[in-house]
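**Q** here is a sequence with its predicted model. Questions after.
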Amino acid sequence: MEQVHERGLRYFPIALFASVMGISGVTMSVKLFENMYGLRHGVSTVFLILASLLFLINGGMLLYRLIRFPDDVQKDFNHPVKMNFFAAISISLLLLSVPYFEINERFSFYLWIAGVMLQLIFTIVILTKVIWKHTFEVPQFTPAWFIPIVGNLVVPLAGVYHADEDLNWMFFSMGLFFSIIYITIFLFRMFFHPVLPPKLRPTFFILLAPPGVGMVSYFKIVGELDAFAYILFGIAIYLGLFLIFQFKRLFTIPFFISWWAYLFPSAAVTNATYFMYAETGKEFYSWLFQLQIAGLFVLVAYLLWKTIQLVMHRDLCIKEG
């Protein structure tokens, strides 16, 4: 007998905010590519508009759920995986503030300050829940838990334009510190507990985000490519190669909303590659950056198409069992 699922906007997935993060990251990547070749910012503007629309759609759906179905939102915020995607809201604001800086500095500042305040709140609240809510168990730990932590590493991307470096260092240090702790917990979970279910396997790519976005933030704060920047980039590239080697396990599974987790971390490493090229002038980084840009375009097209299919088949907003 075919299982009947409940459908409706009350089940709009909070995880879809990852699409805003991903498209915003690609916007920055494309803009760097346009700067690299002296092109007009037409394509990056299209991506920025798309990212902004996705933020408004996701934000509108969350507001609707808060008004009509607050208990469902509360349930999501108590879920060991879904709760982490609430930090994608603050990260989205922080990421959007970067491309908007060249368009309107004041609007960029408003986006950034709102993102910073939300990021601080989400980080403290979620860490508090993790420490004191003893119903969480090690097998429930997934790379999605990194999201509230990674947001702190995103702060300096536009923060270098809007705030004193002391504030940027504070958020960067906090993000780096807990990234080290979380990667230790995650490896323990993977080594000694069952593998992640297929639906959560795309979140593996979130592991790329701390070294990828961390390298760019660190470079923007210090203003030079030093040894630590090389270390962060090396970790990101090595992890990227490792994850590509897992192609059969990660890219041959059915499409889930969690596939959007592939995009932002990939864009973060792409942006880091650009700064490696810009500072060293080595052609290897130029070719790698162009290859990564091509990969991002393919990934964006696939993710958008598969998500549109979910909407058309009314499979996007389904109550999970």
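**A** Looks like it arrived, so ask away. Numbering: from 1, shown residues only.
**Q** in the helix or strand containing residue 115, what counts as buried?
**A** Residue 115 belongs to helix 105-132 when assigned by DSSP states H and E. For helix 105-132, the neighbour count (16 or more other CB atoms under 10 Å) marks 108-109, 111-113, 115-116, 118-120, 122-123, 126, 130 as buried. C-beta: built from backbone N, CA, C; applies to glycine.
**Q** chain center to it: distance?
**A** 14 Å (CA atoms, centre = their mean, to the nearest Å).
**Q** could you say what helices and strands it packs with?
**A** Helices and strands touching helix 105-132, by 3 or more CB pairs under 8 Å, 6 or more residues apart in numbering; DSSP states H and E, are helix 87-100, helix 147-162, helix 165-192.
**Q** so which of the ones you listed is nearest residue 140?
**A** Counting by CB to CB, residue 140 lies closest to helix 165-192 out of the helices and strands packed on helix 105-132; the figure is 8.7 Å.
**Q** helix or strand next in line after the closest one, which one?
**A** Counting by DSSP H and E, the element after helix 165-192 in chain order, helix or strand, is helix 209-222.
**Q** show me what counts as buried in that following helix.
**A** For helix 209-222, burial by neighbour count (16+ other CB under 10 Å) applies to 209-220.
**Q** just put those in TSV and tack on pLDDT.
**A** Shown next, in TSV, are the buried residues of helix 209-222 (pLDDT from 0 to 100):
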residue	pLDDT
209	95
210	96
211	97
212	97
213	97
214	97
215	97
216	98
217	97
218	98
219	97
220	97
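**Q** follow-up on the earlier one: need the helices and strands packed on helix 105-132 in a markdown table (columns: mean pLDDT and distance to residue 310).
**A** Below are the helices and strands packed on helix 105-132 laid out as a markdown table (pLDDT from 0 to 100; distance: least, CB to CB, whole Å):
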| stretch | mean pLDDT | distance to residue 310 |
| --- | --- | --- |
| helix 87-100 | 97 | 18 |
| helix 147-162 | 96 | 21 |
| helix 165-192 | 94 | 28 |
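**Q** mean neighbour count and distance to residue 262 added to the ones you listed, as CSV?
**A** Shown next, in CSV, are the helices and strands packed on helix 105-132 (neighbours: other CB atoms under 10 Å; distance: least, CB to CB, whole Å):
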stretch, mean neighbour count, distance to residue 262
helix 87-100, 27, 14
helix 147-162, 26, 14
helix 165-192, 15, 17
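**Q** reformat those helices as a markdown table; add distance to residue 43.
**A** As requested, the helices and strands packed on helix 105-132 are exported to a markdown table (distance: least, CB to CB, whole Å):
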| stretch | distance to residue 43 |
| --- | --- |
| helix 87-100 | 12 |
| helix 147-162 | 20 |
| helix 165-192 | 29 |
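**Q** what is the burial count for residue 312?
**A** Neighbour count for residue 312, taken as other CB atoms under 10 Å: 9.
**Q** now it: how far from residue 260?
**A** 18 Å (CB to CB, to the nearest Å).
**Q** give me the phi and psi for residue 77.
**A** Phi and psi for residue 77, reported as degrees, to the nearest 10, are phi -70, psi -20.
**Q** for it, which non-adjacent residue is closest in space?
**A** residue 83 (5.1 Å; CB to CB, 6 or more residues apart in numbering).
**Q** got a pLDDT number for that neighbour?
**A** The model reports residue 83 with a pLDDT of 92.
**Q** and for it, the neighbour number?
**A** 24.
**Q** assess the claim that it and residue 75 are in contact.
**A** No. With contact defined as CB atoms under 8 Å, residue 83 does not reach residue 75; the gap is 9.9 Å.
**Q** buried residues in the lowest-mean-pLDDT helix or strand in the chain, which are they?
**A** Ranking every helix and strand in the chain by mean pLDDT, DSSP states H and E puts helix 247-251 at the bottom, with a mean of 87. Using 16+ other CB under 10 Å as the test for burial, helix 247-251 gives residue 250.
**Q** what's that helix in contact with?
**A** By CB atoms under 8 Å, 6 or more residues apart in numbering, the surrounding residues in contact with helix 247-251 are 201-202, 204-205, 243.
**Q** ditto for stretch 58-78
**A** By CB under 8 Å, 6+ apart, stretch 58-78 touches 9-12, 14, 16-17, 19-20, 82-83, 86, 89, 92, 129, 133.
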